[in-house]
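# Need a 3D model of the sequence below.
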Amino acid sequence: MDPSHRSRMVAVAALALILSSCSEPERTHRFQMQTAEGIVTAVTTGGPRWEGELFSYEMERELVQDPEVPASLLSGRGGSVTMDAAGNHYVVDSGSCRILVYDREGIYTRSFGGRGEGPGEFRSLSLQAHHGGVLQLWDAARALTTLYAEEGTLLETIHAPDRRVQAQYRLAGGRLLRTSLHSRGAGRADRDYVRDRMRAAVTDASGDTLAFFQTDEVIWGYNFADGRGSLFMFYGGSPIIRYLPGPDRVLLATGVDGEVRFCDLAGELRRLVRLDLPRTPVGPEGRRRIRDWVAEQAALAPQSPILRAQQDELRIREHRAYWESLEYDDAGWMWLRVPEMNEEWRERDGGRYRVLSPQGAYLGDSRWPCYGGRVERGRLLTLVREPASGGPRALVYRILPAVEGLTYP
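Here you go, the predicted model:
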């Protein structure tokens, strides 16, 4: 080989090595906590403390049906599972609008609630909070909060002032926390772009506002040309405002900025958890789609509030959101659901989570054995469908540490 050619090859290889080392961010785990002006800030940089699977999941039990009941009690149309201190399980079944109660062995014992318009009945049903022996349940169709004791006694019903309210929590002293979604957008016949923000207010018994909260905005893009109204662009994860009844805090997050904020009920920021981590490129096809989207948006409305193209294009073009949703368990651990990404575009796999300790440190990743659920008392509680029959199953998994030195919960 010509020596000059060999020298050029060595130089090119050295340059490629330098460029790759410069473009690849350092992934050494670092975690710092500091307190300033009453705000505790926890920051993780570089990457997780542990690589590989952080937990394993051991099937503990299935919540079985009463053999005397000819048809399944579970509708299979969504819901959630929660537990009490005695180990009883409560399945909030959205389809039947009932709360099904199972003992600590997973055997069905009773139910309460039901579909209807009367006291303690629901037209739609979801679980808002379970704390202090009380289930706070939300009927979105009627903008109504219903409080049930764990034994099935109806305690209170609270109407929201209007249907823009998306969640409502009863606080101590007659106060309420109400959340609502505020959207603004622009579009045309076949496309629609929406910028969403969650807002919330704490009110007293008379309805006067005591505190106000709001998240950052997130961007959605819908494609109506395919006849299905499918989502073709999603940047930032769903905006989240959640009441944490144990510590009496309000959690705010969007997933786009790598931050989770905790405020007190007076609206003051008390704790900030930040992930300053390398992000994953969306790939060449993803970059092309985003460039087309930015150009189309700029042509649609040059001064559009939907997309601040000059500021956002660079952030969107090369990176994806940190997470899409967040679970906060009763021990203070956070589970951030992360979308999977391939080199061409994006493939969802809703089972992968980034796990943060109660102090806010990013410990590692964990792939759930199911899509979605609640984490309580060291267990993953979920409703799933059997692929073969399509029938619903209520399952309880015990969460076990899979790395040496990790204790959970």
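# make it CA atoms for all contacts and neighbour counts henceforth
OK.
# In the protein, where is pLDDT below threshold?
Within the chain, the stretches with pLDDT under 70 are 1-27, 65-77, 184-195, 219-237, 256, 278-291, 293-322, 339-351, 385-391.
# where do the helices sit along it?
Using DSSP state H, the helices of the chain run over 3-23, 284-300, 309-318.
# so what's Thr127 up against?
Actually, residue 127 is Leu rather than Thr. 79-80, 92, 135-138 (Cα atoms under 8 Å, 6 or more residues apart in numbering).
# Quick check, Thr35 in contact with Thr41.
Yes. Counting by Cα atoms under 8 Å, Thr41 is a contact partner of Thr35 at 6.2 Å.
# Those two: who's more crowded?
The neighbour comparison of Thr35 against Thr41 (other Cα atoms under 10 Å) goes to Thr41, with 18 against 11.
# which residues pair with the nearest residue to that one once chain neighbours are set aside across the strands?
Closest residue to Thr41 apart from its sequence neighbours, by Cα to Cα, 6 or more residues apart in numbering: Leu272 at 4.7 Å. Beta-bridge pairing for Leu272 (DSSP bridges): Thr41, Arg261.
# burial of Leu272, as a residue count?
As a burial measure, Leu272 scores 19 neighbours (other Cα under 10 Å).
# again, but for Gly118
10.
# For it, grab phi and psi.
When read as degrees, to the nearest 10, the backbone of Gly118 gives phi -80, psi 180.
# can you give me the strands in the stretch 1-150 of the chain?
30-36, 39-45, 55-62, 79-83, 89-93, 98-102, 108-113, 126-131, 134-139, 144-149 (DSSP state E, counting those that start in this stretch).
# what helices or strands is the fifth one leaning on?
With contacts defined as 3 or more Cα pairs under 8 Å, 6 or more residues apart in numbering; DSSP states H and E, the secondary structure elements packing on strand 89-93 are strand 79-83, strand 98-102, strand 126-131.
# what does the third one give?
Under the contact criterion of 3+ Cα pairs under 8 Å, 6+ apart, the helices and strands touching strand 55-62 comprise strand 392-401.
# which residues touch the strand it packs on?
Strand 392-401 has contacts (Cα under 8 Å, 6+ apart) with 54-64, 74-76, 81, 91, 378-386, 407-408.
# C-alpha coordinates for it, CSV please?
As requested, the backbone C-alpha atoms of strand 392-401 are provided in CSV (Å, rounded to 0.1, in the frame of the first residue of the first chain):
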residue,chain,number,x,y,z
PRO,A,392,-59.5,-9.4,30.9
ARG,A,393,-57.3,-10.5,33.8
ALA,A,394,-56.4,-8.6,37.0
LEU,A,395,-52.8,-9.5,38.0
VAL,A,396,-50.5,-8.7,40.9
TYR,A,397,-46.8,-8.9,40.4
ARG,A,398,-44.2,-8.6,43.2
ILE,A,399,-41.3,-6.3,42.3
LEU,A,400,-37.9,-7.8,43.1
PRO,A,401,-34.5,-6.0,42.8
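# how big is the angle separating it from strand 79-83?
50 degrees (axes from the mean of the first three to the mean of the last three Cα atoms, to 10 degrees).
# Pull up the pairing partners for strand 392-401, direction included.
Strand pairing for strand 392-401, using DSSP bridges, gives strand 55-62 (antiparallel), strand 379-385 (antiparallel).
# Any buried residues in that strand, and which?
For strand 392-401, burial by neighbour count (16 or more other Cα atoms under 10 Å) applies to 392-400.
# Settle this for me: Gly378 is touching Trp333, isn't it.
No. The criterion here is Cα under 8 Å, and Gly378 misses it with Trp333 at 10.2 Å.
# got any residues that touch both of the two?
Pro409.
# out of those two, which sits in the more crowded spot?
The residue with more neighbours, out of Gly378 and Trp333 and counting by other Cα under 10 Å, is Trp333; that gives 20 against 15.
# who's in contact with that one?
With Cα under 8 Å, 6+ apart, Trp333 has these contacts: 355-358, 360, 409.
# Buried members of these into ChimeraX, please.
Listed next is the ChimeraX selection for buried residues among those, using 16+ other Cα under 10 Å:
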select :355,356,357,360,409
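# Now distance to Asp292 too, for the contacts of Trp333, in a markdown table please.
Formatted as a markdown table, these follow (distance: Cα to Cα, whole Å):
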| residue | distance to Asp292 |
| --- | --- |
| Val355 | 34 |
| Leu356 | 36 |
| Ser357 | 39 |
| Pro358 | 41 |
| Gly360 | 37 |
| Pro409 | 46 |
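# Report the contact partners of the residue nearest to Thr41.
With contact set as Cα under 8 Å, 6+ apart, Leu272 has these partners: 39-42, 259-262.
# ok, now Ala141?
Applying Cα under 8 Å, 6+ apart, the residues contacting Ala141 are 123-124.
# can you tell me how far it sits from Phe112?
19 Å (Cα to Cα, to the nearest Å).
# Would you confirm that Lys215 contacts Ile241?
Just so we're on the same page, residue 215 is Thr rather than Lys. Yes. Using Cα under 8 Å, Thr215 is in contact with Ile241, at 7.5 Å.
# So the two - more neighbours on which side?
Ile241 (24 against 18).
# Quick check, that one in contact with Val260.
No. Contact criterion Cα under 8 Å: Ile241 and Val260 do not qualify, at 10.1 Å.
# Need the overlap of contacts for the two.
Contacts common to Ile241 and Val260, judged by Cα under 8 Å, 6+ apart, are 251-253.
# ok, and the most crowded of these?
Ala253 (27 neighbours).
# wait, doesn't that one sit right on Cys263?
No. Using Cα under 8 Å, Ala253 is not in contact with Cys263, being 11.4 Å away.
# wait, what's in contact with the residue nearest to Ala140 when sequence neighbours are not counted?
Spatial nearest neighbour of Ala140, excluding adjacent residues (Cα to Cα, 6+ apart): Ser124 at 6.0 Å. The contact partners of Ser124, by Cα under 8 Å, 6+ apart, come to 94-95, 97, 115, 138-142.
# Restrict those to the buried ones and give me that as a ChimeraX selection.
With 16+ other Cα under 10 Å as the criterion, this ChimeraX line picks the buried residues out of the contacts of Ser124:
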select :94,95,97,115,138,139,140
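# Leu277: which of the contacts of Ser124 is nearest?
Trp138 (35.9 Å; Cα to Cα).
# His130 is in contact with that closest one, correct?
No. Between Trp138 and His130 there is no contact under Cα under 8 Å: 11.9 Å.
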